[in-house]
Every structure is written in structure tokens, then in C-alpha cells.
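Peer 1: Attaching a predicted model along with its sequence, questions to come.
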Amino acid sequence: MSEEITTVPKGETNPLHRPTIAIVGRPNVGKSSLFNAILNRRLAIVHEMSGVTRDRISAPVFRNGRRFNLVDTGGLGMLTGETRKVDFWDANIAQQVEAAVSDADVLIMVGDAQAGVTPLERDIAVRLRASGRPVLVAVNKCDSPQLKDDAAEFSVLGFPRVHPICCKHRGGINALLEDALKQLPKGLETPPAAAVSLAVVGRPNVGKSSLINALLGSERVMTSSVAGTTRDAVEVEFSIRYRGEYRPAVLIDTAGLRKTAKVDDLVEYFSVMRAKSAIERADLVLFVVDSSGDGVTAQDRRISGLIQKANKPCVIVANKSDACEGKSKKQLLEELREALPHLGTLPAVSVSAKAKRNLDALLDAAADVMEQLEVEISTGVLNRVLAAAMEKRTPPVTGTRPLKLYYAAMAGMRPARIKLFVNDPEGVPDNYAAYLRNQLREAFGLHAVPLLLDFCARPKKVESIRRNQNNADRRKRRNQPAAGRRKGRK
């Protein structure tokens with residue numbers, strides 16, 4: 001069995017702890033714009049429509065010699081104690097913001113200079129003051145001298161630090177961030193070890209967010225039966241116990257991937273783009289499918305194609321096994337492999353995120369893949385395995401000469417790539433390349449990671465150092481004046 005891999009138990013120190021700055025405020029004041037401006041990249045979706053951000057989005061930042069987490073939150077759209085006309089999203093966003101405020105060390109409350117101070121902002125200010133955290137007020141959309149003067153109106157909220165900013169033109173953001181960093185406690189200042197990123201992908205309503213919450217043991221991301229609940233690619237840092245020590249990792253919750261023709265608004269389009277980007281940058285993909293309904297769909301096959309095209313290692317997660325009456329786990333996984341034959345030997349696990357069932361098996365499978373990602377193959381062993389494989393099955397003849405392998409070497413990992421120098425790179429049949437790939441998988445246990453074989457022409461023979469030096473000496477003497485040559489002969 002693979003080594004244990006778990007989240008950090010309660011009461012133990014999390015080695016990933018860094019000070020945290022959370023951005024809060026009412027809807028449509030520019031919180032996500034400020035978040036992206038500080039990161040200097042577009043991580044959060046920005047749109048003029050209210051309520052685009054739902055989950056809290058976190059990202060590590062290194063600025064002015066300090067390391068901290070920056071958190072974006074959804075807009076608080078209701079007053080304290082308000083119950084009438086409060087929709088599902090407002091209530092859930094409020095819970096997410098409350099959790100972000102509770103975890104933060106410093107809060108940045110964002111306001112809109114053009115709209116001025118609203119009753120909702122006065123109410124939010126009371127809630128933030130009660131948290132006991134340092135609060136800085138960032139008044140956005142101050143893109144003119146008059147609006148910068150109007151920003152002073154926000155001092156009525158009772159916080160001593162009011163910063164006029166303009167996210168569109170990045171005005172005032174450096175001063176705001178310097179002030180926030182002064183309020184942060186000391187935290188993890190040394191560069192953290194590289195984290196393994198696990199992207200959780202699948203079509204809508206297969207239980208991706210529920211699976212992340214089950215793995216973390218808390219309601220970290222928002223869940224509902226409504227398709228499209230998750231919009232941004234939400235990255236959640238945590239620690240896993242692997243090979244006897246805690247290692248940093250990141251779970252990436254993504255929006256459900258629908259068929260492109262069915263994406264009917266701009267926000268969903270950006271959500272799908274974020275999900276595809278998460279696949280590209282992940283070290284490992286957890287591909288979630290619904291095992292309780294009609295089985296694997298055409299969209300599931302398209303998503304598996306995206307994973308395969310990106311050359312990413314993958315664990316197939318058959319969720320909602322608790323709703324499959326009369327079927328054993330073995331039967332479920334056999335049906336899954338029949339429906340996705342091109343995924344070959346990839347590990348598959350049947351789980352129930354709702355009942356928190358069989359999650360240990362999923363973590364074990366992830367540990368096995370992580371081990372394969374760290375495999376290093378020496379050139380000598382690699383060439384011996386390939387020589388034995390070619391002796392076992394005679395290489396094909398292309399044209400008038402058989403395929404000849406001179407030598408092979410590892411060219412990289414993630415994905416695993418091997419360069420094979422042969423006499424005729426263009427004459428290697430696909431079936432023989434597949435045979436060699438399977439032999440390498442068996443020899444080195446690389447069943448769950450992509451294995452790419454690059455057939456290359458052998459480089460030209462390199463002249464010896466002595467010959468190159470002699471030629472250089474001759475050219476040097478040839479270019480010398482006649483007197484210099486005579487003097488050298490003496």
C-alpha cells in the first residue's frame with residue numbers, strides 16, 4: 001500500500017501558515033479588480049454584473065520582502081439581521097465572507113468613490129470593527145482629482161486609514177499595500193517548498209466542490225444543486241502527509257465544464273477558461289464523474305480528452321457511489337473503464353463525497369501518482385530495458401533497413417519524456433512506439449502518468465578536443481604576420 005497522505009490533523013501546526021489579507025465590501029465596488037491588481041495577473045473573474053464572485057479566492061503573494069495570502073471575497077449584499085428577500089447566494093456569500101474575516105490578519109474594505117458611502121457600507125463597517133482586525137479603507141474608482149477629494153467622505157466609517165485608489169490605472173495601490181503590510185504579524189518568511197497542485201475537474205453537478213469539502217473536512221467552497229455554482233478556479237492550500245513528512249499542496253476547485261455551444265453568458269465563458277487553465281497548470285488531475293445517473297456522458301469523454309491532450313497524470317473519481325444501489329465498487333469501476341477505454345491504466349476510485357466514504361482510497365491513489373511523478377531513471381538502466389524490449393520483439397523494417405536504437409535518455413518529467421536516438425525517426429510505426437511505451441511503463445511502474453517518446457536522429461559525430469585545438473592553432477599561425485611566424489619558429 002502507498003504511504004499515508006492526509007490533511008494536517010487539528011491541533012498540529014500547519015507549515016503553510018502565512019499572514020493573510022482579506023478584501024471585503026459590498027457588491028460591485030472593485031474587490032476582484034483590486035485582487036487582480038495586487039497579484040498583477042487575472043486570477044479572479046471581473047464583470048460588471050453583481051455577484052460574480054461567490055467563493056473566497058486565495059493566492060500567495062511575495063511583496064516588499066514579505067510573504068502573505070491575499071483573499072478575495074464575494075460582495076456583502078444584505079444588512080445585518082436582514083431576512084426578507086435574501087436569496088440563496090447572498091446568504092452563502094455572507095458565510096464565505098464571515099469565514100474570510102475570521103481567518104484574516106488584516107482587512108481591506110473597498111468602497112466606490114462615485115457612489116459614496118451607503119447604508120450597507122456603514123453596516124459592514126460595524127461588522128468589521130467587531131472582528132478586532134486592523135481595517136484599511138480603499139476607495140476605488142478615484143480616477144480624477146475631484147474623486148480623490150471625495151474619498152475623504154469614507155472617514156465617517158470610523159477607520160483611521162483611508163486610501164484613494166484606482167484599480168483600472170493601478171493608482172494608489174502600492175501605498176495601500178505598504179500600509180497593509182505594516183499591520184501584518186510575522187509569518188512564513190522563507191520561500192515555501194514547491195506545492196503539488198491537484199485540479200478537480202468534471203462536468204457540472206458531479207460533486208467537485210463537495211469532494212473538496214470532504215477532503216478538507218470543512219465547508220471551504222460553496223456547494224448547491226444549481227449548475228454553475230463555482231465560477232472562479234478556487235485554490236485551497238493545505239498540507240498532505242507524504243513519505244513521512246508534511247508537504248505543501250493545493251486543491252483547485254473548478255467550474256463545471258459544459259459543451260462550448262451551451263455556454264450562454266460571458267461569466268460562464270470565463271469560468272470555463274479558468275477551468276481549462278487549471279488543467280494546464282496542475283501536476284495531477286482528479287477527474288470526477290457521476291456514477292449514480294446515466295453513467296459516462298459524451299461531455300465526460302470530451303473532458304478526458306482535454307486531460308489527455310494536456311499530458312497530465314490523472315485519477316478518475318467515480319462520485320456518488322452511495323446512490324448506486326445493487327452495484328458493487330468493482331462493477332462500477334469496470335463499467336467506467338469500458339466507457340473510457342482510452343484512459344487505459346489510469347487509477348480509478350469509487351467514492352461518496354456526501355457520505356465521506358472511501359476518501360482514504362482516493363488519497364492513496366493520489367500518493368501513488370505523486371510517487372510516479374518523482375521517478376528518476378538513469379540512462380544506463382533505461383537503455384538496458386529498451387534493449388531487452390527490442391530483443392523481445394524485433395524492430396520493424398522501414399524501407400530497406402531495420403529500426404536501430406543508438407541510445408536513449410530522460411529529457412524531463414511532468415510529463416515524463418524520453419528521447420530515443422534512432423537511425424530513422426520518421427520510420428517508427430505507431431504500434432511499435434506503443435509497444436516500447438508499454439514496456440517502459442511495466443519496467444518502471446509508470447501506469448498513471450503520461451509517458452512521451454521522442455524519436456530523434458542521432459547527432460553528428462563530435463570532433464575530438466585535440467583535433468579542434470590543433471585546427472585552432474593552425475588558423476592562428478596562418479593569420480599571424482610573416483615576422484611573427486619566423487619568430488615563433490625560432
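Peer 2: Arrived safely, thanks for sending. Residues are numbered from 1 along each chain as shown.
Peer 1: Tell me what D290 is bridged to.
Peer 2: N319 (DSSP bridges).
Peer 1: Just the pLDDT for it.
Peer 2: Turning to D290, the model gives it a pLDDT of 85.
Peer 1: who touches it in this structure?
Peer 2: By Cβ atoms under 8 Å, 6 or more residues apart in numbering, the residues touching D290 are G202, R203, N205, V206, G207, N319, K320. All C-beta atoms are positioned from the backbone trio N, CA, C, and that covers glycine.
Peer 1: Now with 7 Å, please.
Peer 2: V206, N319, K320 (Cβ atoms under 7 Å, 6 or more residues apart in numbering).
Peer 1: Then E219?
Peer 2: Neighbours of E219 in contact, by Cβ under 7 Å, 6+ apart: N213.
Peer 1: Please, which helix or strand holds it?
Peer 2: E219 is located outside every helix and strand, with elements delineated by DSSP states H and E.
Peer 1: Quick check: it vs E98, distance?
Peer 2: 11 Å (Cβ to Cβ, to the nearest Å).
Peer 1: now the helices for the stretch 151-300 of the chain?
Peer 2: 173-183, 208-216, 266-281, 298-309 (DSSP state H, counting those that start in this stretch).
Peer 1: where among those helices is the average confidence lowest?
Peer 2: helix 266-281 (a mean of 71).
Peer 1: ok, back up a step: I57: which of the helices of the stretch 151-300 of the chain is closest?
Peer 2: Nearest of the helices of the stretch 151-300 of the chain to I57, taken as Cβ to Cβ: helix 266-281 at 10.3 Å.
Peer 1: Run through the stretch 101-250 of the chain and note the low-pLDDT ranges.
Peer 2: 187-194, 220-234, 239-246 (pLDDT under 70).
Peer 1: switch the cut-off to 80
Peer 2: Confidence mapping of the stretch 101-250 of the chain against pLDDT under 80 gives the ranges 144-150, 186-195, 217-249.
Peer 1: coming back round to it: any idea which of the helices of the stretch 151-300 of the chain gets closest to E338?
Peer 2: Of all those, helix 298-309 comes closest under Cβ to Cβ, at 12.3 Å.
Peer 1: what helices or strands is that closest one leaning on?
Peer 2: With contacts taken as 3 or more Cβ pairs under 7 Å, 6 or more residues apart in numbering; DSSP states H and E, helix 298-309 sits against helix 266-281, strand 284-290.
Peer 1: And it, what's buried?
Peer 2: Q299, D300, I303, S304, L306, I307 (16 or more other Cβ atoms under 10 Å).
Peer 1: Tell me how far the fifth one lies from N36.
Peer 2: Looking back up the chat, that one is L306. Using Cβ to Cβ, one gets 25 Å for the distance from L306 to N36.
Peer 1: likewise the second one?
Peer 2: Applying Cβ to Cβ, one obtains 32 Å for the distance of D300 from N36.
Peer 1: repeat for the fourth one
Peer 2: Distance check for S304 against N36: by Cβ to Cβ, it reads 31 Å.
Peer 1: pretty sure V200 contacts A255?
Peer 2: No - under the criterion of Cβ atoms under 7 Å, V200 makes no contact with A255, lying 10.8 Å away.
Peer 1: how about whichever strand or helix holds P60 as PDB, C-alpha atoms only?
Peer 2: P60 is located in strand 57-63, with elements delineated by DSSP H and E. What follows is strand 57-63 as a C-alpha-only set of coordinates in PDB (Å, rounded to 0.1, in the frame of the first residue of the first chain):
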ATOM      1  CA  ILE A  57     -10.400  33.100  -3.600                       C
ATOM      2  CA  SER A  58      -6.900  32.900  -2.100                       C
ATOM      3  CA  ALA A  59      -3.400  33.400  -3.700                       C
ATOM      4  CA  PRO A  60       0.100  33.600  -2.200                       C
ATOM      5  CA  VAL A  61       1.900  36.900  -2.700                       C
ATOM      6  CA  PHE A  62       5.500  38.000  -2.200                       C
ATOM      7  CA  ARG A  63       5.900  41.800  -1.900                       C
END
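Peer 1: just the angle between it and helix 173-183, please?
Peer 2: Calculated by axes from the mean of the first three to the mean of the last three Cα atoms, to 10 degrees, strand 57-63 forms an angle of 90 degrees with helix 173-183.
Peer 1: Identify the residues contacting whatever helix or strand comes next after strand 57-63?
Peer 2: Counting by DSSP H and E, the next helix or strand C-terminal to strand 57-63 is strand 66-72. Strand 66-72 is contacted by residues 18-23, 31-32, 35, 38-39, 44, 53, 56-61, 100, 104, 181, 184, 187-189 when judged by Cβ under 7 Å, 6+ apart.
Peer 1: Then stretch 394-407?
Peer 2: By Cβ under 7 Å, 6+ apart, stretch 394-407 touches 383, 386, 390, 420-424, 427-429, 432, 458.
Peer 1: same check, this time on stretch 96-110
Peer 2: By Cβ under 7 Å, 6+ apart, stretch 96-110 touches 19-25, 29-31, 34, 55-56, 71, 73-74, 76, 124-125, 128, 131, 133-138, 140, 180, 183-185, 222.
Peer 1: I figured V250 was touching E237, is that so?
Peer 2: Yes - using Cβ under 7 Å, V250 is in contact with E237, at 5.6 Å.
Peer 1: ok, now how distant is E121 from L157?
Peer 2: E121 is 7 Å from L157, by Cβ to Cβ.
Peer 1: Likewise for A353?
Peer 2: Applying Cβ to Cβ to A353 and L157 gives a distance of 41 Å.
Peer 1: Looking at the two, which has the bigger crowd around it?
Peer 2: A353 (26 against 19; other Cβ atoms under 10 Å).
Peer 1: so what's the backbone phi/psi at that one?
Peer 2: phi -70, psi -40 (degrees, to the nearest 10).
Peer 1: ok, it - contacts?
Peer 2: Per Cβ under 7 Å, 6+ apart, neighbours of A353: G207, S210, L211, A214, N319.
Peer 1: can you tell me which two in those residues are farthest apart?
Peer 2: A214 and N319 (9.7 Å).
Peer 1: Tell me which of the two has more neighbours.
Peer 2: Per other Cβ under 10 Å, whichever of A214 and N319 has more neighbours is N319, with 25 against 20.
Peer 1: where does the more buried one land on pLDDT?
Peer 2: With respect to pLDDT, N319 scores 86.
Peer 1: Wait, a strand at V139?
Peer 2: Yes - per DSSP: H, G, I helix; E, B strand; the rest coil, V139 lies within a strand segment.
Peer 1: Who is it paired with across the strands?
Peer 2: G111, P164.
Peer 1: Could you report the neighbour count for it?
Peer 2: The number of residues near V139, taken as other Cβ under 10 Å, comes to 30.
Peer 1: Could you do the one 3 residues further on as well?
Peer 2: By the other Cβ under 10 Å criterion, the neighbourhood of C142 contains 24 residues.
Peer 1: ok, now which ones touch it?
Peer 2: A113, K148, A151, P164, I165, C166, G171, G172.
Peer 1: and the gap between M370 and M413?
Peer 2: Counting by Cβ to Cβ - M370 and M413 are separated by 12 Å.
Peer 1: So for the two, which residue has more residues nearby?
Peer 2: Between M370 and M413, M370 has the larger neighbour count (other Cβ under 10 Å), namely 24 against 14.
Peer 1: so the more buried one makes contact with V196?
Peer 2: Yes - taking contacts as Cβ under 7 Å, M370 lies within contact range of V196: 6.2 Å.
Peer 1: Next one: L359 from D300, what distance?
Peer 2: L359 is 21 Å from D300, by Cβ to Cβ.
Peer 1: and what of D424?
Peer 2: Computed as Cβ to Cβ, the D424 to D300 distance reads 39 Å.
Peer 1: Sweet, I'm off.
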